[in-house]
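> A predicted structure for the sequence below; I have some questions about it.
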Amino acid sequence: MFVLCFAMTFILGFAISPAAQTRTPGSSNGRLTTIDEALRSHHIELTRPALVKALRNEDAEVRSLAAQKLAEQNATETIPAILDSLTAETRPETRVNIAFSLAQLGETRGFNALQDTCRDPGMRPDLRVEAARYMHDLNHEDAICRSALVDMLQSPADPDARAQAASLLPRFQDLSPQESRKIFQGVLKALEAPEPTVRLAASHALSEIGDKSAISNLQKAVANEQDKAVRSQLQMDLQELQQKKNQ
Amino acid sequence: MQATRAATHERREQANNVRTGLELERQKTMRLSLNSALSSVLLFAVIPPALSAAQTLRNAKTKTVPNRAQHLALPVADVTPLTATANREAAARAANARPATMHERFATFLADRNFQSYLVLQNLRLDAHVTVTPVLVLSRGEISLAPINMPPHTTTTVDINDALAVHGVADTRGAVVARYSFNTYGALSAVVESADPAHRIFLTSVGQSPEEFWYGTTLDAVVWAPEEGTEGFISMINTSADPKSVEISFFVNGRSKETQEIEIAPRQHRMLRIDSLLKRSHDEGAGIRLAFTGKPGDIVAEGALLKKQTGFSKYIHFADTALHFPSNSLRTNFLLLGTQPLADGFPAQTSFRSVAVLRNIDPVPIQVTPVVKSLSGGAPEISLKPITVAAGETRIIDFSQEQRAGNLPGDFSQGSVKLVPDSDHNSIVAELLNFNEASRGYVVGSSFSAHPSRATGSIWRIDGSFQTTIVIENTAKQADQVTLKLFSDNDTYEKTFAVPSGSLIKINVKDLQQSRIPDKNGKLLLATSGTLSLSGKNGSHSALAFDKLIHSADEAEYVGLLANPCNYVTDISLFLDSTSDQYSFDGFVDAFWTDGSVTEDGAFGMTSGNNSLASIDGNVVTVHPVDGSSHNVGLSITEVETACDICSGDNFFGNTQVTVPPKPACPTSVTKSSTTTLSLASQFPGLKTGIGIVASMQTNPTNINWNNTQITEAVSQSSNSCPSSFGSLCSGSDTFTVGTGGSTFGQNFAATQNIFYDQHVTTSGVSILDSAGINSCQATCAQTYSCGGNVIGNFTINRSFTKGTIQNTPVTNVTVTKQ
């Protein structure tokens, strides 16, 4: 059973394997592939020398995983090697991951690279969101990243990024009243987006934010929602928010 | 309750015994000062032929107690409960259970043909009896009088003249010792009243404890005589068992004019006249310095100025120049100028002149700024022009002249004044003289002695034309509330007064009665005399400058007990209280005060003997079970508290321990910490259906490190509107290892303590909604997390499938929520 679970996790979780690209949908509710498992699947040993060497592996995923494993090991002596890897990295998604590893090791240049990713409007939106999430996970709430997320939230042009921004922004705590208001208004506006995925993300974000003043907006959204599945989720979010109000 | 409150305290006496003078110098931060310094002075006051205040008080409410038949002057009054909880009471009992030790207070008496002397004793404890043995220190030796058992907050008097007569003693002056056994020396105050009604002279000598003077062996004073014919003397008592040599220096214009040395036999009293010095003090005052060998407190000194023709009198305070205070300003709350409000009951036609005399005790010049604050409020503090005072120099500040010059408002009549030196240490000694400008007598008011403290105690009386006036300034940055308790024969009147930060309030005790102002229990003030206590509500953080004045319409000066110099802390206790979280405890520090009261503050500043087992955040202690065993961790705190009668600050130590229980096998719950949405766009075009979320799940309680604990899941379908071609959406039977990081869809998740990651995703290389020919559908799964066979978390996972496009290609977006 464990082997089957791991197989499914790995197939669905890490890479876009040929199986995942088949017409048969796969669903998973389970653990992530650990970094160790992923590296072993690439036949990378978990020793320091092997990991440092893997930073120069031709497979970008291996480079990313090796950096992450060194961060897990708190291998601060390898920071120069990881920095070299960051400098040499050309794939944006791998750069973001390597920067995250450096930041976990407390390296300022890792944080700077993540901040640069947030700041860069030419960067893929999902990577900007990912960089913002990494910063947040490291308790390094950053105004530049927050601002980038707010921009994405307010941009109808990229529904996927808009939904992701709506999902991530409720996590942020150190907001000025002005920022809070801006985010709240942005989420309320997203609730009226034509894309169901954006409406769903906005609805859930309102539930997460827990501002009872959104109840009427959610009630209105439920009433106006034409899609049954979306309406069902909106109702659940509304119920969740109402329960928070009562607490 | 995790630990005992009192058992582990270091006894302060023990600590004091082992400290060297240097250590004391370093460790002690003086907080307050000369209020207590009043205890080291001989107070003179002018009285008309009528009874002195103390006499009236005695006659009204107590009996004169000759040594033949001493008995209690005031019966026990209701004792306000000191503690709110049984725990606190237990802690107080524990603190008070320390062994009693013998203490002494020394005062001077005059008993010649003009003077009649009484020893007035006050039990300052609100909660305990104190037994006092008066001892007369005479030229032929000591005579012990009968012991007196004093109930809480009561006074009693002993007729010294009578005692001398009974024992056939011819001495007309000497010292009297109040000897008592208690666990602190602050339980009792003693005052000798020496009255010469024929000349309207009334002298008060407040008993000093040698335990009050820990710092130095040099005492400084400043004097000023407003006119010719003023007499004066210094009274010195050797409190030790050895002969002491005292070097006395007089200073005029900053220069030493005369130095002499006198020997004082063990436990003997000496008086020295200073008339010639006073003659030279008219212009700018004069200084006195006493220096002795031995230990601080071996010699206690005080002095007096008087002029029988005018009824002028003024006590002289000798300050220990080794003292250091956080605030080096000297204060008094009774600056009186001109005529006073009728309600205050001063004699008709009295118009006060107010003069301060100060002396620089530093070896370098200093600048002193007088700062005046009016009792009537409104105007802010008024800073007068700074005065430069050369080393050792004395100067006078004539506030009446300042008012005439327009530097003080013309309508200023009552207020406080502080003298602010520009140095960072105790640089000045000063006296304030408020006297009737016409008669040059009727000297009222205290000296520069109102230094901030939490509480004080004294007597009060409002019989006849007597008035008791209390003025309080809140010198703290936070608002305070003063509780005034007026104890009398059989009742307690208790009232609170708000004192905003920086404000000055006046309480006219007589007005409380005349205006029929009820106390907090609705009771009226019916009695006319007794003892009083004053205390702020902020415990050790209260910084209230108290002053009290008792006077009558025709008797010149406050007579009776000076305000108890300082209600100080005898011990502290660190203890923990449980919270709703079994692993967290609130730390508190109880401070046990000399009057028997207990104040409680959050224990901020605790240190843990093992931070990984017991961590501290603010005043909250959180224990962290780590293995199958329980562990004890020591906690400690060091606080600076008001420590003695001269209100110094001293380090107190509180200790307790907390037990860290064995670590349970499993967390008690799992909660959702956050979710990360996985972007379909990032995987497009490889995926055209997807993706979902990674949920960061937290194991609780978080004070325990659950890393490497195995959590299992079970997932079942609750509802599903999606076609069967979507496959099983609610499968899952994984085992999670807490604290393990991972990676999915190109995103990394850092290994985080007490967190495990659970992903809920659906993916396909095609848009499955388009393949199925439907617009949307939804599936709901029920998920449980278990550990050790027990369910520790229940969640609902919702998957919403909706259509979308990426780069004009139809896709199926999978939106997942977890609740």
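The structure has been received and is ready for your questions.

> CA atoms for contacts and neighbours, from now on please.
Noted.

> Mind telling me which residue of the stretch 351-500 of chain B is nearest chain A?
Nearest residue of the stretch 351-500 of chain B to chain A (CA to the nearest CA) works out as residue B:478 at 27.9 Å.

> Can you report how many residues neighbour that residue?
Other residues within reach of residue B:478, judged by other CA atoms under 10 Å in any protein chain shown, total 14.

> mind listing what the residue lying closest to it once chain neighbours are set aside touches?
Nearest residue to residue B:478 in three dimensions, chain neighbours excluded: residue B:501, at 5.3 Å (CA to CA, 6 or more residues apart in numbering or on different chains). By CA atoms under 8 Å, 6 or more residues apart in numbering or on different chains, residue B:501 lies in contact with B:474, B:475, B:476, B:477, B:478, B:479, B:480.

> Among those, which are located in strands?
The strands, defined by DSSP state E, take in B:474, B:480 from the contacts of residue B:501.

> would CSV of the contacts of residue B:501 with pLDDT be doable?
Putting these into CSV (pLDDT from 0 to 100) gives the following:
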residue, pLDDT
B:474, 92
B:475, 89
B:476, 90
B:477, 91
B:478, 93
B:479, 95
B:480, 95
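
> tell me which element residue A:66 falls in.
Using DSSP states H and E, the element containing residue A:66 is helix A:60-72.

> out of all of them, which helix in chain A is the longest?
Using DSSP state H to assign secondary structure, the helix with the most residues in chain A is helix A:228-246.

> ok, and what's touching it?
A:196, A:199-200, A:203-204, A:206-208, A:210-212, A:215, A:218-219, A:221-222, A:225, B:776-778, B:798, B:800-802.

> Please pick the buried ones from those residues.
A:196, A:199-200, A:203-204, A:206-208, A:210, A:212, A:215, A:218, A:221-222, A:225, B:776-778, B:798, B:800-802 (16 or more other CA atoms under 10 Å in any protein chain shown).

> ok so, going back, isn't the residue of the stretch 351-500 of chain B closest to chain A right up against residue B:503?
No: if you go by CA atoms under 8 Å, residue B:478 and residue B:503 don't touch, sitting 10.7 Å apart.

> From chain B, how far off is the most centrally placed residue in chain A?
Geometric centre of chain A, nearest residue: residue A:130, 4.2 Å, by CA atoms, centre = their mean. If you measure residue A:130 against chain B using CA to the nearest CA, to the nearest Å, the figure is 8 Å.

> what mean pLDDT does the longest helix of chain A have?
Helix A:228-246 comes out with an average pLDDT of 89.

> Stretch B:609-624 now?
When pLDDT is averaged over stretch B:609-624, the result is 95.

> Equivalent analysis for stretch B:637-655, please.
Rounded mean pLDDT across stretch B:637-655 is 71.

> Also stretch B:248-255?
Rounded mean pLDDT across stretch B:248-255 is 88.

> Show me what counts as buried in that stretch.
B:248, B:249, B:250, B:251, B:252, B:253, B:254.

> where does it sit relative to the chain's centre, distance-wise?
Centre-to-centre, stretch B:248-255 and its host chain are 37 Å apart (CA atoms, centre = their mean, to the nearest Å).

> And the residue of the stretch 351-500 of chain B closest to chain A, its phi and psi?
phi -110, psi 150 (degrees, to the nearest 10).

> Tell me where chain B is predicted with low confidence.
By pLDDT under 70, the weakly predicted segments of chain B are B:1-98, B:213-214, B:323-326, B:378-379, B:445-451, B:553-566, B:642-650.

> Show me the longest strand that occurs in chain B.
strand B:790-806.

> How far does that one sit from its chain's centre?
That offset, for strand B:790-806, works out to 58 Å (CA atoms, centre = their mean).

> So what angle separates the directions of that strand and helix A:228-246?
Angle between the axes of strand B:790-806 and helix A:228-246 is 130 degrees (criterion: axes from the mean of the first three to the mean of the last three CA atoms, to 10 degrees).

> so what's the spatially most central residue of chain B up against?
Closest to where the C-alpha atoms of chain B average out (CA atoms, centre = their mean) is residue B:540, at 3.0 Å. Shown in contact with residue B:540 (CA under 8 Å, 6+ apart): B:454, B:591, B:599, B:641, B:642.

> How about residue B:251?
The contact partners of residue B:251, taken as CA under 8 Å, 6+ apart, are B:257, B:258, B:286, B:287, B:288, B:392.

> which among those end up buried?
By neighbour count, with 16+ other CA under 10 Å, those hold B:286, B:287, B:288, B:392 as buried.

> Residue B:200 contacts residue B:308, doesn't it?
Yes: counting by CA under 8 Å, residue B:308 is a contact partner of residue B:200 at 7.5 Å.

> Looking at the two, which is more packed in?
When residue B:200 and residue B:308 are compared for neighbours, residue B:200 comes out ahead with 24 against 17, by other CA under 10 Å.

> Residue B:336 versus the more buried one, what's the distance?
For residue B:200, the distance to residue B:336 equals 22 Å [CA to CA, to the nearest Å].

> quick one: the helices in chain A?
Going by DSSP H, chain A shows helices at A:2-13, A:35-41, A:48-54, A:60-72, A:79-88, A:92-104, A:108-119, A:125-137, A:143-153, A:159-168, A:177-190, A:196-209, A:215-224, A:228-246.

> which residue sits closest to residue B:695, ignoring its sequence neighbours?
Nearest non-adjacent residue to residue B:695, counting by CA to CA, 6+ apart: residue B:675, 4.3 Å away.

> What distance do you get for that neighbour to residue B:478?
Taking CA to CA as the measure, residue B:675 falls 44 Å from residue B:478.

> try residue B:312
Taken as CA to CA, the span from residue B:312 to residue B:478 is 40 Å.

> close enough to count as contact, residue B:211 and residue B:297?
Yes: the pair residue B:211 / residue B:297 is scored as a contact, 6.4 Å apart, by CA under 8 Å.

> So for these two, which residue has more residues nearby?
residue B:297 (24 against 17).

> measure that one to chain A for me?
58 Å.

> Could you grab the helix/strand/coil label for that residue?
The three-state assignment at residue B:297 reads coil, by DSSP: H, G, I helix; E, B strand; the rest coil.

> how much space between the closest residue in space to it that isn't next to it in sequence and chain A?
Closest residue to residue B:297 apart from its sequence neighbours, by CA to CA, 6+ apart: residue B:210 at 4.1 Å. The gap separating residue B:210 from chain A is 57 Å, by CA to the nearest CA.

> can you check residue B:152 too?
For residue B:152, the distance to chain A - CA to the nearest CA - is 51 Å.

> Could you check which helix or strand contains that residue?
For residue B:152, there is no host helix or strand (DSSP H and E).

> so it makes contact with residue B:121?
No: using CA under 8 Å, residue B:152 makes no contact with residue B:121, being 11.8 Å away.
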